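Undergrad: Next one to model:
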Amino acid sequence: MNNAKFKLHRNSQKRYYIKNAIYFIITNTFKGYPYFENDILCELLVYEIEICKQLQKFKIHGYKINPEHIHILVQPNHEYNYSTIIRSLKTNFSRDANRVLGYNNSSIMPKARSRNLAFDNVHEIFHKCQNQFISQVGKNHNIPPFKWQSSFYDHIIRNEFDYLNHLKYIEKQWIKHNLKEDKWCWIIGQNKNKTKKIDILY
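TA: Next up is the predicted model:
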């Protein structure tokens with residue numbers, strides 16, 4: 001850790017920033033509410049992950065969306081650290097999820113940073129999710145405004161064994177949590193039921 005930089009957050013966790021490192025992140029919904037039982041919100045989150053990846057130029061090695069929390073393996077570039085990436089993802093998703101849910105009150109809408117104008121289909125995807133949600137759930141639903149739990153858990157991947165172990169952990173989440181289906185999970189280099197040999201990049 002001699003070359004690592006660290007920052008002390010409000011919750012007194014130290015965040016270590018290491019060049020080319022891969023980080024395993026877990027972040028939870030507020031009080032464990034199962035927002036992601038709804039596939040439309042999962043679809044929106046996948047889209048938000050892709051937008052965030054393109055804007056902040058990081059690599060994704062895998063992710064799994066569970067009903068009340070998500071796992072993601074990210075590898076930042078030199079420009080944005082993983083704290084910035086996760087904060088951006090959570091803020092932008094919260095804003096868009098609450099619009100899909102029909103909560104347009106500015107007092108509950110987090111302020112999100114502006115996005116690159118190159119993403120011309122942002123509004124198209126958002127309206128698609130919003131229309132699907134209204135069609136399937138309706139406007140008079142009992143889902144509360146979307147909110148993330150403060151902060152997140154992080155783990156620095158130490159070596160190839162640690163890396164492959166976390167990929168398998170992500171892949172087996174649906175079994176661990178007794179979910180009915182294996183969905184909303186993506187692993188780098190994976191073809192359906194087969195995972196290829198993966199090379200560590202640092």
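Undergrad: Can you show me the strands along the protein?
TA: 5-8, 14-17, 23-28, 59-65, 69-75, 153-156, 185-187, 190-191, 194-195 (DSSP state E).
Undergrad: Let me have these in TSV, extended by mean neighbour count.
TA: C-beta: built from backbone N, CA, C; applies to glycine. What follows is the strands of the chain, written out as TSV (neighbours: other CB atoms under 10 Å):
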stretch	mean neighbour count
strand 5-8	11
strand 14-17	15
strand 23-28	19
strand 59-65	21
strand 69-75	22
strand 153-156	15
strand 185-187	18
strand 190-191	12
strand 194-195	12
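Undergrad: As a markdown table, these with distance to Val46 would be great.
TA: Compiled in a markdown table, the strands of the chain are given as follows (distance: least, CB to CB, whole Å):
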| stretch | distance to Val46 |
| --- | --- |
| strand 5-8 | 29 |
| strand 14-17 | 25 |
| strand 23-28 | 15 |
| strand 59-65 | 8 |
| strand 69-75 | 10 |
| strand 153-156 | 21 |
| strand 185-187 | 8 |
| strand 190-191 | 15 |
| strand 194-195 | 19 |
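Undergrad: Worst mean pLDDT among the ones you listed?
TA: Note on the strands of the chain: strand 194-195 shows the lowest mean pLDDT, a mean of 34.
Undergrad: Leu44 - nearest residue in space that isn't next to it in sequence?
TA: Using CB to CB, 6 or more residues apart in numbering and skipping the chain neighbours, the partner closest in space to Leu44 is Cys129 (4.8 Å).
Undergrad: Confirm for me that that neighbour is in contact with Glu43.
TA: Yes. Counting by CB atoms under 8 Å, Cys129 does reach Glu43; the two are 6.3 Å apart.
Undergrad: so where's the chain uncertain?
TA: 1-13, 105-121, 191-202 (pLDDT under 70).
Undergrad: the helices in it, which residues?
TA: Ranges of helices in the chain, per DSSP state H, are 39-56, 82-100, 122-136, 160-171, 173-176.
Undergrad: show me what contacts Lys57?
TA: Lys57 sits next to 77, 79-80 when contact means CB atoms under 8 Å, 6 or more residues apart in numbering.
Undergrad: Among those, which one has the most neighbours?
TA: Tyr80 (15 neighbours; other CB atoms under 10 Å).
Undergrad: gap between it and Val137?
TA: Counting by CB to CB, to the nearest Å, the gap from Tyr80 to Val137 is 35 Å.
Undergrad: Could you do Pro67 as well?
TA: 16 Å.
Undergrad: Excluding covalently adjacent residues, which one is nearest to Ile72?
TA: Tyr63 (4.2 Å).
Undergrad: and that neighbour, what are its bridge partners?
TA: When assigned by DSSP bridges, Tyr63 has beta-bridge partners Ile72, Trp186.
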